[in-house]
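**Q** Any chance you could fold what I've pasted below:
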Amino acid sequence: MAFVLFPGRHHLLTRFQAEYLHRLTDGEKTVVWAVTSANHENTKRNPVPYHRREAAIERFSLLAGVRSVVVPVFDTAPTDRFAEVTLKNIAATTGLELTPGNTVVACSTPEVAVLYERLGFAIARVENDAVGDPPERPWEVLLRLAAGDGTWRESAHPATLDVFDRYHIEKSIRMVMNDPVVGDEGGLTATRDYRTYVEAFAGGAARKWHSAHPFVRPGRIVDIGCGAADVLELADRDPALHESDLIGVEVARHLFQECVHKKAQGVFTNPNVFFYRRNVLGGAVFAPRSIDTTLSFALTHEIWSYGRQVLSVKEFAQAIYAHTVPGGVWINSDVCGPDGRDREVVLHLTREDGANPARPRRDLADVDADEVTEYVGGLSTRARLDQFVVDYRFPLKFEPAGESDVRLSLGEAMDFLMRKDYVANWLSEAHEQFCGLEFADWKALLADVGFEIDAGTHAWRNDWIVAHRLAPVASLTDLQGRPLDWPVTHILSVARRPLNG
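**A** Here you go, the predicted model:
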């Protein structure tokens with residue numbers, strides 16, 4: 001045998017691995033480290049970027065006296081052909097043809113080992129080969145690190161300790177792995193189709209920038225939840241901001257990668273464009289009093305929905321206040337609950353625009369995304385409300401008030417109406433609440449944090465949505481049957497940190 005194939009994520013290397021590989025290679029075999037999920041970082045499953053993992057492996061090889069070749073393997077959808085994909089990737093990257101005749105596979109994960117056994121490879125079972133109680137696996141050591149247990153350093157190899165200490169990786173791992181908002185794969189929800197979100201961001205960027213532009217203060221400008229950086233592209237084209245720093249912060253891995261790709265492709269003319277993959281609720285991103293303008297678009301309702309509702313929104317506002325320079329500004333545009341959102345109304349919905357099944361489905365979370373889109377898209381508006389109640393992550397109660405009418409709160413009515421047409425991301429949208437805060441709540445929250453509220457702050461109604469999405473299929477009345485006008489749907493808040501704040 002000339003090679004040892006060692007597949008894994010390899011976020012952390014252990015002292016046991018050094019001893020084991022030294023014995024297994026016998027000073028002659030080359031270890032081929034297939035570093036999986038190499039294109040993922042800053043997620044709960046993959047908290048360490050590939051280039052840091054590679055650096056630690058190279059130092060490990062030097063200290064342990066093991067000859068190594070390190071190969072990045074990009075993440076793939078679950079497949080029983082994973083072993084073959086990895087071997088082909090190694091061949092394409094290095095020219096090495098690893099076969100059962102020249103390679104033994106080192107793997108302690110039975111589900112992965114069996115894939116290589118089917119191809120005829122002999123398996124060295126690493127931790128599972130140890131006599132007596134098996135030593136901790138690297139991931140178990142990493143979990144102790146994330147939990148704040150300092151004894152993780154006793155099991156970690158000096159190569160990992162060196163790289164982690166030099167690049168302050170221990171702190172970032174704890175932040176990412178203990179983040180209460182971000183999921184395992186680095187997004188807010190596993191059901192979101194980010195392709196459609198990129199398209200939506202691009203389509204609305206000009207409107208967003210037009211609304212924010214009059215209030216932007218030059219200097220260090222940060223767009224939190226920047227999506228695919230479409231608004232920053234427009235800021236980049238503004239001559240008045242050519243000496244400003246333009247900074248994008250995005251938590252969703254898919255969107256962050258799009259931002260980095262745009263910069264690499266030369267989309268931005270300003271050399272001072274930077275992107276960070278961070279969740280602001282996980283800790284401070286910027287130094288106190290260091291940002292002149294903060295932008296946030298269609299973000300605060302997600303913080304409300306995936307966090308602890310008003311507590312998380314207030315924490316977010318406090319974080320922005322802390323990093324804003326005196327006289328600096330936070331410009332926030334998002335959906336908004338209607339004034340008097342708790343008042344009861346009657347919502348009239350048509351049944352004539354789709355199917356009306358006897359009962360809603362309760363299995364949509366278990367079926368293919370295209371099936372969800374097709375099914376929900378074929379429902380009538382009235383039937384879609386019944387389905388929304390099933391899939392909605394927040395309580396929504398109504399009383400029937402006729403064949404097509406329901407009695408419920410105004411806020412609940414608007415929460416459904418503002419989401420009913422998002423069938424391509426139905427389950428993702430059903431995880432979010434749009435109408436948690438009304439205009440008065442926003443003003444009180446901003447003032448409580450310490451912001452001064454600019455005269456440009458206002459709630460407004462999206463009349464295009466009213467004309468094209470609401471009025472054709474729905475209407476509102478009070479409990480006495482008197483027609484009600486459609487309420488506000490959005491807010492633009494312009495909040496300034498006082499000069500003496």
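**Q** Would you mind extracting the C-alpha trace of stretch 305-314 into PDB?
**A** Extracted C-alpha coordinates of stretch 305-314, given in PDB (Å, rounded to 0.1, in the frame of the first residue of the first chain):
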ATOM      1  CA  SER A 305     -39.200  35.500  13.500                       C
ATOM      2  CA  TYR A 306     -36.100  33.400  14.000                       C
ATOM      3  CA  GLY A 307     -35.100  35.000  17.200                       C
ATOM      4  CA  ARG A 308     -37.000  35.900  20.300                       C
ATOM      5  CA  GLN A 309     -39.400  38.400  18.700                       C
ATOM      6  CA  VAL A 310     -39.200  41.900  20.200                       C
ATOM      7  CA  LEU A 311     -36.300  41.000  22.500                       C
ATOM      8  CA  SER A 312     -34.100  40.000  19.500                       C
ATOM      9  CA  VAL A 313     -35.200  43.100  17.500                       C
ATOM     10  CA  LYS A 314     -34.200  45.300  20.400                       C
END
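**Q** So for that stretch, what gets flagged as buried?
**A** 305-307, 312-314 (16 or more other C-beta atoms under 10 Å). In this view, the C-beta of every residue, glycine as well, is placed from N, C-alpha and C.
**Q** Stretch 427-446 too?
**A** Buried-residue list, stretch 427-446, by 16+ other C-beta under 10 Å: 427-439, 441-443, 445-446.
**Q** What distance separates the opening and closing residues of it?
**A** End-to-end distance for stretch 427-446, by C-alpha to C-alpha, to the nearest Å: 31 Å.
**Q** what domains does the record give for the protein?
**A** 3-177, 194-335, 344-429 (automatic domain parsing).
**Q** Lowest average confidence across the ones you listed, which one?
**A** Set side by side, the domains of the chain differ in mean pLDDT, and domain 194-335 is lowest with a mean of 89.
**Q** I'd like the distance from that domain to the chain centre, please.
**A** Centre-to-centre, domain 194-335 and its host chain are 14 Å apart (C-alpha atoms, centre = their mean, to the nearest Å).
**Q** Would you map the helices across the stretch 301-450 of the chain?
**A** Assigned by DSSP state H, counting those that start in this stretch, the stretch 301-450 of the chain shows helices spanning 310-323, 369-377, 381-391, 410-417, 426-429, 439-449.
**Q** Rebuild the domains of the chain as CSV, extending it with distance to Ala471.
**A** As requested, the domains of the chain are arranged in CSV below (distance: least, C-beta to C-beta, whole Å):
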stretch, distance to Ala471
domain 3-177, 42
domain 194-335, 18
domain 344-429, 10
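**Q** among those domains, which is nearest Asp485?
**A** domain 344-429 (11.5 Å; C-beta to C-beta).
**Q** Just the terminal-to-terminal distance for that closest one.
**A** Termini of domain 344-429 sit 24 Å apart (C-alpha to C-alpha).
**Q** swap in stretch 124-134?
**A** 14 Å.
**Q** Also stretch 420-427?
**A** 11 Å.
**Q** Likewise for stretch 334-349?
**A** By C-alpha to C-alpha, one end of stretch 334-349 lies 26 Å from the other end.
**Q** Tell me how far that stretch lies from the chain's centre.
**A** For stretch 334-349 - counting by C-alpha atoms, centre = their mean - the centre lies 29 Å from the chain centre.
**Q** ok, and for it, which residues are buried?
**A** Under 16+ other C-beta under 10 Å, the buried positions of stretch 334-349 are 334-338, 341, 345-349.
**Q** hmm, who's touching stretch 55-65?
**A** Identification of contacts with stretch 55-65 by C-beta atoms under 8 Å, 6 or more residues apart in numbering yields 10, 13, 17-18, 21-22, 27, 31, 33, 35, 66-68, 70, 157-160, 162-164.
**Q** Of these, which belong to strands?
**A** Counting by DSSP state E, the part of those found in strands is 31, 33, 35, 68, 70.
**Q** Specify the beta-bridge partners of the third one.
**A** Here Val35 sits in beta bridges with Gly8, Pro72, going by DSSP bridges.
**Q** Surely it is in contact with Val73?
**A** Yes: counting by C-beta atoms under 8 Å, Val73 is a contact partner of Val35 at 6.2 Å.
**Q** Next up, the contacts around Leu379.
**A** By C-beta under 8 Å, 6+ apart, the contact set of Leu379 is 354-357, 387.
**Q** swap the cut-off to 10 Å and go again
**A** Counting by C-beta atoms under 10 Å, 6 or more residues apart in numbering, Leu379 makes contact with 351, 353-357, 360-361, 385-388, 420, 423.
**Q** How many residues are close by Leu499?
**A** 10 (other C-beta atoms under 10 Å).
**Q** Tell me if it really is in a helix.
**A** No: applying DSSP: H, G, I helix; E, B strand; the rest coil, one finds Leu499 to be coil, outside a helix.
**Q** joint contacts of Val35 and Val73?
**A** With C-beta under 10 Å, 6+ apart, Val35 and Val73 have common neighbours 7-9, 50.
**Q** now, the most widely separated pair of the residues you listed?
**A** Top of the distance list for the shared contacts of Val35 and Val73 (C-beta to C-beta): Pro7 and Tyr50, 14.1 Å.
**Q** between these two, who's got more neighbours?
**A** Pro7 (25 against 22).
**Q** Hmm, the more buried one is touching Val105, no?
**A** Yes: counting by C-beta atoms under 10 Å, Pro7 touches Val105, with 7.2 Å between them.
**Q** so what's in contact with the two at the same time?
**A** 32, 34, 83, 86-87, 112-113, 115-116.
**Q** From the residues you listed, which land in strands?
**A** 32, 34.
**Q** okay, the shared contacts of Pro7 and Val105 in TSV with distance to Thr457 and neighbour count next?
**A** Converted to TSV, the shared contacts of Pro7 and Val105 look like this (distance: C-beta to C-beta, whole Å; neighbours: other C-beta atoms under 10 Å):
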residue	distance to Thr457	neighbour count
Val32	59	23
Ala34	54	24
Ala83	58	23
Thr86	54	23
Leu87	59	23
Val112	55	18
Ala113	60	21
Leu115	58	21
Tyr116	61	24
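**Q** Can you redo the shared contacts of Pro7 and Val105 as TSV, where the extra columns are distance to Leu470?
**A** TSV is the format used below for the shared contacts of Pro7 and Val105 (distance: C-beta to C-beta, whole Å):
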residue	distance to Leu470
Val32	59
Ala34	53
Ala83	53
Thr86	51
Leu87	55
Val112	51
Ala113	56
Leu115	52
Tyr116	57
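**Q** Go through the shared contacts of Pro7 and Val105 and name the one nearest Ala401.
**A** Val112 (56.9 Å).
**Q** Identify the residues contacting the closest residue to the closest one other than its chain neighbours.
**A** Counting by C-beta to C-beta, 6 or more residues apart in numbering, Val112 lies nearest to Pro7, which is 6.5 Å off, once chain neighbours are set aside. If a contact means C-beta under 10 Å, 6+ apart, then Pro7 has 32-36, 71, 73, 82-83, 86-87, 90, 105-107, 109, 112-113, 115-116 as its contacts.
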